[in-house]
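> from the sequence below, what's the structure:
(chains A and B)
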Protein chains: 2
Amino acid sequence: MKFSSKIVKCPLSPIRKFEPSADMARAKNHKIYHLNIGQPDIPTPPAFFEAVKAFDTPVLSYAPSPGIPVFVSATLEYFARLGISLNAKNILTTVGGSEALGITLSTILDDGDELLVPEPYYPNYSTLAAMAGASIRPIPTSPEEGYRYAVREKILPLINENTRAILITSPGNPTGNVLSAEEMRVIADIAKEKSLFLISDEVYREFIYTGGKMSSMLEFDDIYENTIVIDSVSKRFSACGARVGVIVSRNPEFMTQAMKIVQTRLSVATLDQVGSAALYNNVDDEYFKSVRAEYKLRRDAALSKLSEIPGIVSEKPDGAFYIMAKLPVDSSEKLLKFLLEEFDDSGETVMFAPGSGFYASPGKGISEARMAYVLAKPDLERALELLKLGIEAYNSQS
Amino acid sequence: MKFSSKIVKCPLSPIRKFEPSADMARAKNHKIYHLNIGQPDIPTPPAFFEAVKAFDTPVLSYAPSPGIPVFVSATLEYFARLGISLNAKNILTTVGGSEALGITLSTILDDGDELLVPEPYYPNYSTLAAMAGASIRPIPTSPEEGYRYAVREKILPLINENTRAILITSPGNPTGNVLSAEEMRVIADIAKEKSLFLISDEVYREFIYTGGKMSSMLEFDDIYENTIVIDSVSKRFSACGARVGVIVSRNPEFMTQAMKIVQTRLSVATLDQVGSAALYNNVDDEYFKSVRAEYKLRRDAALSKLSEIPGIVSEKPDGAFYIMAKLPVDSSEKLLKFLLEEFDDSGETVMFAPGSGFYASPGKGISEARMAYVLAKPDLERALELLKLGIEAYNSQS
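Below you'll find the model as predicted:
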């Protein structure tokens, strides 16, 4: 019996593959500060749980495949508040942003097709592309240039007859990079000129710390046929466990084809859509203001602590809740193994996501690390203190 | 911009494609009795909602990718009560049986591979196979033989070098066919001799009306490497909207490869797993006895009413909650269109799922229909009375 050659070629999640080393640290009763996963610690707004508790239909039945009307309406009103006018036919409700992206890629990609993605990128993009038979052609960036990628001269030479789409994430994971209005237009123009789908993963939309406005590729009316937006309640409302996201597109033919997959997987969990609708309907701007203030505080605290590490390269990220940095070590994977298996300071150590897993290009990101600032400030500062001490200990080994 | 050739080739759901005709009936204020979808009307046991309401963790965070421990344990205990000993490494929690099957097919199939499936079968199998690049080779059956398929001479000639798996559903959708212990062994032996995966969709396990025992392909220890069981809380507990299922397999290499997809889509909704665990932990045999008694009553009432239609062919199904029948008409699709668009009796009409959508072989099933007996007995009897009157009116048109 054999397995799918596409799946056999895929690696296990680079973010989760160090769990055995983490188990070794736990076995020694070492406390691990987790900067390795993007699970926020912010409480989910009570509106979610209140709506779920108020559900009193005796049969928990299938939701309509594209989503329950109350959730779809709430999503439309959310976009309307951003100045983006949509209707119910532009929305397909999905099991988080992950399924939104998986359905999108399966709808548009054939074997041998290529997807342009700025590198470093969220590693699951690779597996989702591979499952659709396609591959990712990375748009190269560098830590020294703040991981910027919206440059015509960088992108145009990468487009060939197999290129089907550009996939971007803004605010970005793992870099925290936020596209400016001008940069968004650069990407939009390329998609338009080259007739490519523009898949815009905007799940971190609210998390920008520049005071600038929240934006979306849906604002560009002239590329409405190209644009597919991936969105989710997971990060926005610290409701990752709800698994509720959406595909947004004004391209009717795309929506017709995507609907075939959406119907095949039947529906998204009914109660979670009820709870998520309540989030959109009840959580106000004050919530986002306070969450943004908290993350900005953490980001600044993290940057301040990181700057104490000699030789580190990291630009100030404008959004999301990640910092990508080049560490003064030969290999961030070796460092992480050392931190978990050999190092401790007063019984404590720290975990990050090694950089190479965020790159498709072999040899890139080897010294880099992604740190999620999802801990309260004192814990975050202690975690980065441990990183500094750990790097010193690692580099002083013979 | 083009779309995936695999998806373009897939049809829209045959179960849902008559919605525009149904809208025409609704526009005339006609009441439609829905026998077309398998959405049970049985109340979901309160244990689900009680557990969800008792959840008091402030952050609704991601569940572990393979499932939350309390749900995995509850599932293991359920199988232990059936006499099947498993451990946590044999379980991957999924978004219902649909995702369980999608992940399974994507894990094992390559472009050009074939899957043997007794025909008629659940139409979504085709789209899921197509998404993995593979196709279904049907094992033919006939209404006159009660849709039986577990016959060596029927199956062996269909196996070629591209065949990777046999996919069966027992109790069956759409036929209600339940494999006997001897028939299960026939299928198991073929999988073993030919080194094929045996994917056994057992989501209707509790719904058997013969008094016989509930069974599973997991009982055959000698094919543990071949066997992959698809299971779900949806039908078992009338909790279709929870979207919680499992992949069960004792093949460690299969589980390692499937885990890559499971990690990529992150997790299944946390609250729904909490509720589903409570279903397994709290719902006792009395519940299943009463549900079985109710469905058996409905099945018998339905068969009795169907037997009043001259020329109908239908064998008594032993399980699930569907009856597949050959109707005395030239085309069940034309009949359905007529029932929705032209017919009514006192402002009422009926909807079923036309048979051809359950067949891969062109021209098969054209006069057949699947009826789900998911309505209480008086409604069911009225629905089948309407079917009888509708067939008479349809056949008396010039």
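
> and A:S215, what does it touch?
By CB atoms under 8 Å, 6 or more residues apart in numbering or on different chains, the contact set of A:S215 is A:179, A:181, A:184, A:205. For the C-beta atoms, the positions are set from N, CA and C on the backbone; glycine is no exception.

> 6 Å instead, please
Applying CB atoms under 6 Å, 6 or more residues apart in numbering or on different chains, one finds that A:S215 lies in contact with no residue.

> work out for me the element the closest residue in space to A:G311 that isn't next to it in sequence sits within.
Excluding the flanking residues, the one nearest A:G311 by CB to CB, 6 or more residues apart in numbering or on different chains is A:P328, at 3.2 Å. Using DSSP states H and E, A:P328 falls within no helix or strand.

> mind checking the backbone torsions on A:P328?
Phi and psi for A:P328, reported as degrees, to the nearest 10, are phi -80, psi 60.

> then the longest helix seen in chain A to PDB, C-alphas only?
Looking across chain A with DSSP state H, the single longest helix is helix A:285-306. Output of helix A:285-306 as PDB, limited to C-alpha atoms (Å, rounded to 0.1, in the frame of the first residue of the first chain):
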ATOM      1  CA  ASP A 285     -13.900  49.600  18.700                       C
ATOM      2  CA  GLU A 286     -13.000  50.000  22.300                       C
ATOM      3  CA  TYR A 287     -12.100  46.300  22.400                       C
ATOM      4  CA  PHE A 288      -9.800  46.600  19.400                       C
ATOM      5  CA  LYS A 289      -8.200  49.800  20.800                       C
ATOM      6  CA  SER A 290      -7.300  48.100  24.100                       C
ATOM      7  CA  VAL A 291      -6.100  44.900  22.400                       C
ATOM      8  CA  ARG A 292      -4.000  47.000  20.000                       C
ATOM      9  CA  ALA A 293      -2.600  49.000  22.900                       C
ATOM     10  CA  GLU A 294      -1.600  45.800  24.700                       C
ATOM     11  CA  TYR A 295       0.100  44.200  21.700                       C
ATOM     12  CA  LYS A 296       1.900  47.500  20.900                       C
ATOM     13  CA  LEU A 297       3.200  47.600  24.500                       C
ATOM     14  CA  ARG A 298       4.400  44.000  24.100                       C
ATOM     15  CA  ARG A 299       6.000  44.600  20.800                       C
ATOM     16  CA  ASP A 300       7.900  47.600  22.100                       C
ATOM     17  CA  ALA A 301       9.000  45.700  25.200                       C
ATOM     18  CA  ALA A 302      10.100  42.700  23.000                       C
ATOM     19  CA  LEU A 303      12.100  45.000  20.600                       C
ATOM     20  CA  SER A 304      13.700  46.700  23.600                       C
ATOM     21  CA  LYS A 305      14.800  43.300  25.100                       C
ATOM     22  CA  LEU A 306      15.900  42.000  21.700                       C
END
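
> how much distance is there from the helix or strand hosting A:R370 to the middle of the chain?
Per DSSP H and E, A:R370 falls inside strand A:368-372. Taking the mean of its C-alpha atoms, strand A:368-372 sits 13 Å from the chain's own mean (CA atoms, centre = their mean, to the nearest Å).

> how about stretch A:63-74?
Between the centre of stretch A:63-74 and the centre of its host chain there is 24 Å, according to CA atoms, centre = their mean.

> who touches it?
By CB under 6 Å, 6+ apart, the surrounding residues in contact with stretch A:63-74 are A:88, A:91-93, A:262-263, A:267, A:270, A:273, A:276-277, A:280-281, B:241.

> could you rerun that using 8 Å?
A:75, A:88, A:91-93, A:244, A:246, A:259, A:262-263, A:265-270, A:273-274, A:276-281, B:16, B:241.

> got the end-to-end distance for that stretch?
Distance between the two ends of stretch A:63-74: 16 Å, counting by CA to CA, to the nearest Å.

> now do the buried residues in it.
In terms of neighbour count (16 or more other CB atoms under 10 Å in any protein chain shown), stretch A:63-74 has its buried residues at A:63-68, A:70-74.

> give me the buried entries from the contacts of stretch A:63-74.
Among these, those classed as buried by 16+ other CB under 10 Å are A:75, A:91-93, A:244, A:246, A:259, A:262-263, A:265-270, A:273-274, A:276-280, B:16, B:241.

> so which of those residues sit within strands?
Members of those lying in strands (criterion: DSSP state E): A:91-93, A:246.

> so can I have CSV of those residues showing distance to chain B?
Formatted as CSV, those follow (distance: CB to the nearest CB, whole Å):
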residue, distance to chain B
A:I91, 18
A:L92, 14
A:T93, 12
A:V246, 15
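
> what's the distance between the closest residue to A:S216 other than its chain neighbours and A:I168?
When the adjacent residues along the chain are set aside, A:S216 lies closest to A:E202, with 5.7 Å between them (CB to CB, 6+ apart). Distance of A:E202 to A:I168, given as CB to CB, to the nearest Å: 9 Å.

> can you list residues touching both of the two?
With CB under 8 Å, 6+ apart, A:E202 and A:I168 have no common neighbours.

> out of these two, which sits in the more crowded spot?
Neighbours were counted for A:E202 and for A:I168 using other CB atoms under 10 Å in any protein chain shown; A:I168 has more, 25 against 22.

> look up which residues are beta-bridged to the more buried one.
Using DSSP bridges, the beta-bridge partners of A:I168 come out as A:S200.

> contacting residues for it?
By CB under 8 Å, 6+ apart, the neighbours of A:I168 are A:117-118, A:149, A:179, A:187, A:198-201.

> same thing with A:M324?
Counted by CB under 8 Å, 6+ apart, A:M324 has contacts A:120, A:143, A:147, A:174-176, A:314, A:317, A:355, A:358, A:368-371.

> name the nearest residue to the residue nearest the centre of chain A, ignoring sequence neighbours.
Geometric centre of chain A, nearest residue: A:N173, 4.7 Å, by CA atoms, centre = their mean. In space, and not counting its chain neighbours, A:N173 is closest to A:Y122: 5.0 Å by CB to CB, 6+ apart.

> look up how far chain B lies from the one you found.
Using CB to the nearest CB, to the nearest Å, A:Y122 is found at 10 Å from chain B.

> hmm, back to that, surely the residue nearest to A:S216 touches A:I230?
Yes. With contacts defined as CB atoms under 8 Å, A:E202 counts as touching A:I230 at a distance of 6.7 Å.

> mutual contacts of these two, please.
Common neighbours of A:E202 and A:I230 (CB under 8 Å, 6+ apart) do not exist.

> just to revisit the earlier point, got a list of contacts for the strand holding A:R370?
Residues contacting strand A:368-372 (CB under 8 Å, 6+ apart): A:35-39, A:120, A:143, A:174, A:302, A:321-327, A:332, A:335-336, A:352-356, A:358, A:384, A:387.

> from those, which land in helices?
Residues from the contacts of strand A:368-372 lying in helices, with DSSP H as the criterion: A:302, A:332, A:335-336, A:384, A:387.

> which of these sits closest to chain B?
Of all the ones in helices among the contacts of strand A:368-372, chain B sits closest to A:L336, with 18.1 Å by CB to the nearest CB.

> give the contact list for that closest one.
If you count contacts by CB under 8 Å, 6+ apart, then A:L336 has A:18, A:21, A:351-352, A:354, A:369 around it.

> of those residues, which pair is most distant in space?
Within these, A:S21 and A:A369 form the most distant pair, 14.7 Å apart (CB to CB).

> B:G275 versus the residue in the stretch 251-398 of chain A positioned nearest to chain B, what's the distance?
Nearest residue of the stretch 251-398 of chain A to chain B, counting by CB to the nearest CB: A:T270, 3.3 Å away. Note on A:T270: its distance to B:G275, by CB to CB, is 11 Å.

> tell me, what's touching those two both at once?
Common neighbours of A:T270 and B:G275 are listed as B:A242 (criterion: CB under 8 Å, 6+ apart).

> before we move on, back to that, of A:S21 and A:A369, who's got more company?
A:A369 (27 against 17).

> dig out what the more buried one forms beta bridges with.
In this entry, A:A369 is beta-bridged to A:A325, A:P354, by DSSP bridges.
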